[in-house]
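**Student:** Sequence first, then the predicted structure:
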Amino acid sequence: MARDLTPGTGTRGGRLRVYLGSAPGVGKTYRMLDEARRRQERGVDVVVGYIECHGRRHTEAMLEGLEVVPRVHRSYRDAEFEEMDLDGLLARRPSVVLVDELAHTNIPGGRHAKRWQDVEEILAAGIDVITTVNIQHLESLNDVVQKITGIPQRETVPDEVVRRADQIELVDMAPQALRRRMAHGNVYKAEKVDAALSNYFRVGNLTALRELALLWVAGRVDEGLRDYRAAHRIDRVWETRERVVVALTGGPEGETLIRRAARIADRTAGGDLLAVHVSRSDGLAGASSGALAQQRLLVETLGGSYHVVVGDDIPTALLAFARAHDATQLVLGTSRRGRINRFLTGPGIGETTVDASEDIDVHMVTHEFTGRGRLPSLGRRHSKRRTVLGYAAGLTLPWLLTAVLSQAHDTINLTTDALIFQLGVVIVALLGGAVSALLAAFIASVLLNYYFIPPVHSLTIGETNNIVALVVFAAIALAVSTVVDHAGRLTSRAARATAEAETLSTLAGSVLRGADALPALLEKSRTAFGMQTVALLSRVGEVLAHSEAEHPDEGDGQNETTEVPVGADALLVLTGRRLPAADQRVLTAFAAHVGAALERDRLAVVAAEVEPIKAADRMRTALLAAVSHDLRTPLAAALASVGSLRSPDVEFSPEDQAELLATADESLVKLTRLVDNLLDMSRLQAGALTLHLTETHLDEILPRALDSLPDPYAPIQPLDLDTAPPVLADPPLLERVLANVITNALRYNAPGAPVLVTASHHADLVEIRVIDRGPGIAPEDRDSVFLPFQRLGDTDNTTGVGLGLALSRGLAEAMGGSLEVEDTPGGGTTMLLTLPAARPTVPPAVPGEGPEA
């Protein structure tokens, strides 16, 4: 996968090509050398500045025939190191230089601290560079990689250095293929393979690193595509991937539109769903906050993303958002306006968007609310008192102004009279809204004509100029009253929108605070709405949570009750003042968050209740299985030996008697040990026994486990047990688990091959691997081997009926660990026993793993 960027966009003279590896060992150095040989065959002057082969013979073979610039030697802390000869390369001035391990930290003594800085200087000299780097060494991904692998990356390179490359080629390999390559010795030496496979090179780690690499390169490809389109002034959408944008108004049709858009996005692999709500820049939300919150949750549940953009022209804002995200399809709902409304106001948002969409497909989705909208109100809503005052002022204020102006008729002219009347109309508009202002404007026009325009005390007008003045006055009065009313409406709604946003923002912070989210939400609801009490009740009347004012005012008569459903089985009940419709809209959003917090608390309680039941069930299963098998075998052997000795029909020689007594003794010892363990486990299952979890060293437990094996001389090879950190475990139980797992490995191991027992640590866990070279276990059979009375192939009943692994997994889980099956590279089965470390540790890097290995 390669990405070619526009040449000459940077200030460097040389061109940079980067081979980006998804993990160590995928072959990026080999690919770089292969490219160098191709260029050399074309006559290009290519030299090797620095190559690290890590002893890989195939990589070393690719170096043959290429000129290698000798390295420089530097001393550091009484040791000798080799570094790239930067000055030698600049003096040699080839056309192309190969530089491996871009993130490498130079030994002190050179001109630069990092190798990527050396590369920058080479590029500045006009020399092309081909280099390699692994995804885990990019600075922006450093913390993410450490969380995935548990291994900190101390050598990093800024993303911008790689992003500015003229060409980036991803070198990738499937995790299973890379692990096979390692098992065959093509990456690390044989003595380091097991440690590497057990730590950094797990399938999960490699899969996550591969995804990071693919996503990072895909992002750079998108950047390159956007740069190319910008450079060539290409505004049309390129349908490289389906991106579906759904426009949300906060109306009841939102959920229908979201689900329809999700179905469209799902029709193609990799389709993206983006939901967008256009908010007016003047603060007029015009949408239900609660409905938008619920629709946002639905979008995120369906795997989409939610966005809010600001714009006064909704079609323009929608299309600008869609084009900015390279959307291929836009989903809109059909208009909720009625026919009369559409006739009066002209084309709606949908029609305008379709006309301007050009190469974006627009889906107009019908819904049950189509055509059910209402005509807009002429004025904003006021309280009943202010409405009455507005009409009263509209009727009386023009008369009062007439009386005052009549007394000063000799000192002021008609223009001043008209301006004063206009001021009165503005005052009425601020007080009562547009309707009362229109009434005041009409009365003022009549009074101005009758008392102040010649001939006075008559509705007739003698001069044409005065007619024009009166008409202009009336028009200005109407316009000013409308504008003032509109401005007041904007101010009111903007203030409410700001308050709602601040309230919901504070609410979100309360939800994110964690365990006390529900009480915090109720307290925030009570204080935000100025209520006396807020209670969360179940449908049967049980109080789930409660918040009450410290000093409730019982004498004001405000005892209205407001109920809001919270999910299917709870109610949010508020007692206090009567809530207006606008506040109830915000309250719906509060109820949605309360429902989420309540559900989270319930899930936490259920999880806490289920976990002991699960543990008890696992223990009960192990106990029953052990009683049915492990008790019977030694008991039968002891009974047979004692019964033979007591038989009067057979006379045994002293040697036979000794052998029978030894068999009985050995069986009774096993039986005693098993009974003790079973009694301890039965107490544990009943909650009457506490596990003795202590700091346990593996190199002390393993010898005791080996002593209990049927064959004390079995070929067992322990590795790295003495260097592994101690685990938190119950020593007798851990001894029993190890004995069972090792016995199982010996049973199926290849003849003559030793069973390996290794230990390693990852983050705060210690992993013990018991490795055999037997036939292995098919993936579909891995769960069944942990069931009681199940063995691989169900053959050879003389060796038992397959209880050991079932019992071992139950004991491991009781100690807070796990027991799983893995493939052994090269063939066989690996039993992975994971236990918590007694002391949290930070693991070192894999032995022998260089920064670009």
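**Tutor:** Nice, thanks for sending it over.
**Student:** give me phi/psi at residue 167?
**Tutor:** With angles defined as degrees, to the nearest 10, residue 167 sits at phi -150, psi 130.
**Student:** quick one: residue 173 and residue 24 touch, right?
**Tutor:** No. Using CB atoms under 8 Å as the test, residue 173 is too far from residue 24 to be in contact (10.8 Å). Where C-beta positions appear, they are placed from N, C-alpha and C, glycine not excepted.
**Student:** Which residue ranges of the stretch 1-150 of the chain form helices?
**Tutor:** Using DSSP state H, counting those that start in this stretch, the helices of the stretch 1-150 of the chain run over 28-41, 57-62, 86-92, 115-124, 142-149.
**Student:** Just tell me which of those helices ends up closest to residue 101.
**Tutor:** Among the helices of the stretch 1-150 of the chain, helix 115-124 comes nearest to residue 101, with 6.5 Å by CB to CB.
**Student:** pretty sure residue 326 contacts residue 242?
**Tutor:** No. The criterion here is CB under 8 Å, and residue 326 misses it with residue 242 at 10.0 Å.
**Student:** list the buried ones in the host helix or strand of residue 353?
**Tutor:** Taking DSSP states H and E as the criterion, residue 353 maps to helix 349-356. Neighbour counts over helix 349-356 (16 or more other CB atoms under 10 Å) mark 349-354 as buried.
**Student:** would you list those residues in JSON lines and tack on distance to residue 708 and pLDDT?
**Tutor:** Below are those laid out as JSON lines (distance: CB to CB, whole Å; pLDDT from 0 to 100):
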{"residue": "349", "distance to residue 708": "78", "pLDDT": "82"}
{"residue": "350", "distance to residue 708": "78", "pLDDT": "81"}
{"residue": "351", "distance to residue 708": "83", "pLDDT": "82"}
{"residue": "352", "distance to residue 708": "82", "pLDDT": "84"}
{"residue": "353", "distance to residue 708": "77", "pLDDT": "86"}
{"residue": "354", "distance to residue 708": "79", "pLDDT": "86"}
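**Student:** Determine how far the host helix or strand of residue 435 lies from the middle of the whole chain.
**Tutor:** Using DSSP H and E, residue 435 falls within helix 434-452. On the basis of CA atoms, centre = their mean, to the nearest Å, helix 434-452 sits 63 Å off its chain's mean C-alpha point.
**Student:** Which strands and helices lie in contact with it?
**Tutor:** helix 384-407, helix 414-432, helix 464-512 (3 or more CB pairs under 8 Å, 6 or more residues apart in numbering; DSSP states H and E).
**Student:** before we move on, back to that, which strands and helices lie in contact with the helix holding residue 353?
**Tutor:** Using 3+ CB pairs under 8 Å, 6+ apart: helix 349-356 touches helix 314-324, strand 329-333, strand 361-365.
**Student:** tilt between that helix and strand 329-333?
**Tutor:** Put simply, helix 349-356 runs at 150 degrees to strand 329-333, going by axes from the mean of the first three to the mean of the last three CA atoms, to 10 degrees.
**Student:** which ones are touching residue 599?
**Tutor:** residue 567 (CB atoms under 8 Å, 6 or more residues apart in numbering).
**Student:** Tabulate the helices and strands packed on helix 349-356 (a markdown table), appending mean pLDDT.
**Tutor:** Putting the helices and strands packed on helix 349-356 into a markdown table (pLDDT from 0 to 100) gives the following:
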| stretch | mean pLDDT |
| --- | --- |
| helix 314-324 | 84 |
| strand 329-333 | 90 |
| strand 361-365 | 88 |
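**Student:** still on that earlier bit, so residue 173 and residue 24 - more neighbours on which side?
**Tutor:** In this view residue 173 and residue 24 are compared by other CB atoms under 10 Å, and residue 24 has more residues nearby, 24 against 18.
**Student:** Hmm, residue 188 and the more buried one touching each other?
**Tutor:** No. Applying CB under 8 Å, one finds residue 24 not in contact with residue 188, separated by 9.1 Å.
**Student:** wouldn't residue 531 be in contact with residue 572 here?
**Tutor:** No. If you go by CB under 8 Å, residue 531 and residue 572 don't touch, sitting 10.7 Å apart.
**Student:** any shared contact partners between these two?
**Tutor:** Common neighbours of residue 531 and residue 572 (CB under 8 Å, 6+ apart) are residue 525.
**Student:** Under the pLDDT cut-off, which ranges of the stretch 301-450 of the chain? List them.
**Tutor:** 310, 312, 336-347, 369-385 (pLDDT under 70).
**Student:** cutoff 80 now
**Tutor:** Applying pLDDT under 80 to the stretch 301-450 of the chain flags the ranges 308-313, 324-326, 335-348, 359, 367-387, 409-411, 414, 429-435, 437-438, 449.
**Student:** Fine by me, we can end here.
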